[in-house]
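# here is my input; please provide its structure:
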Amino acid sequence: MAGHEFPEPADRKQVADPMSDPQAVEETRHSCDPAFRHGVVVGFDGSTSSERALAYAIGMARRSGSGLIIVHVANRLPTTVWAGCEPPVFVDVPDHRTEVLGLELACADYLSEVPWVLVERGGDICHELEEVGREYSADAIVVGSTHGVVGRIFGSVAGRLARRAQRPVVVIP
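All right, here's what the predicted structure looks like:
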């Protein structure tokens, strides 16, 4: 190669999409803490039904002597919505709700009874809850039920998760 070669800076950000290579996806995921293996996964978004699910999951984790993995699934939208291009690629929408939820949970007295970790994911809620359950070899996944017209029309997260999950799913009304 003619000319000068410039070394890559150590702080250079990755340009390639790690989602294009399945093996890179596995490497980008953080390894789970072994202290939370065989714990209880709970979906949490701050809603009333997810607060009830969290309360049940805390009791379940305390009784079994395991850790609690609280999962918040952030919003993701297809880029085709914004750019009108093909193929559909998903883009993370900034979701500061996870930071707010993390601060609220860190200040909560009721979580002092069990070890817990907050995991943020982006994508389909059912898929991500099941994926976190698989990564942590969870004993159960706890979710709140969906109330209202939207859940009846499009199907609830709890119903879809109960049909496809490979581990017990507890749905809290």
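# what lies in contact with the helix ranked longest in the chain?
Counting residues, the longest helix found in the chain (DSSP state H) is helix 48-64. For helix 48-64, contacts defined as C-beta atoms under 8 Å, 6 or more residues apart in numbering pick out 39-44, 67-68, 70, 110-111, 113-114, 116, 139-140, 142-147, 170, 172-173. All C-beta spots, glycine's among them, are computed from the backbone N, C-alpha and C.
# for PyMOL, write the select line for the buried members of these.
Buried subset of the contacts of helix 48-64, written as a PyMOL selection, criterion 16 or more other C-beta atoms under 10 Å:
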select buried, resi 39+40+41+42+43+44+67+68+70+111+114+116+139+140+142+143+144+146+170+172
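# related to what we said a few turns ago, which element follows the longest helix of the chain toward the C-terminus?
strand 68-74 (DSSP states H and E).
# for Gly65, phi and psi?
Main-chain dihedrals, Gly65, degrees, to the nearest 10: phi 70, psi 30.
# count of residues packed around it?
8 (other C-beta atoms under 10 Å).
# and it, what pLDDT?
We have a pLDDT of 92 for Gly65.
# ok, Ser20 next?
50.
# same thing with Arg76?
58.
# again with Asp109
89.
# so how far is Ile58 from it?
11 Å (C-beta to C-beta, to the nearest Å).
# neighbour count winner among those two?
The neighbour comparison of Asp109 against Ile58 (other C-beta under 10 Å) goes to Ile58, with 21 against 6.
# would you map the strands across the chain?
Under the criterion DSSP state E, the chain contains strands at 40-43, 68-74, 76-78, 90-92, 116-122, 140-144, 169-172.
# any idea which of those strands scores lowest on pLDDT?
strand 90-92 (a mean of 49).
# burial of Glu131, as a residue count?
16.
# so Cys126 sits against Leu161, correct?
Yes - judged on C-beta atoms under 8 Å, Cys126 makes contact with Leu161 at a distance of 4.6 Å.
# when those two are compared, which one has more neighbours?
Comparing Cys126 with Leu161 by other C-beta under 10 Å, the one with more neighbours is Cys126, at 24 against 20.
# ok, now which ones touch that one?
157, 160-161, 164-165.
# can you rerun that using 7 Å?
By C-beta atoms under 7 Å, 6 or more residues apart in numbering, Cys126 lies in contact with 157, 160-161, 164.
# against Ser49, how distant is it?
15 Å.
# OK, contacts around Arg121?
Contacts of Arg121 by C-beta under 7 Å, 6+ apart are 71, 73-74, 128, 132.
# show me where pLDDT drops low in the protein?
1-31, 75-96, 147-155 (pLDDT under 70).
# all good on my end, thank you.
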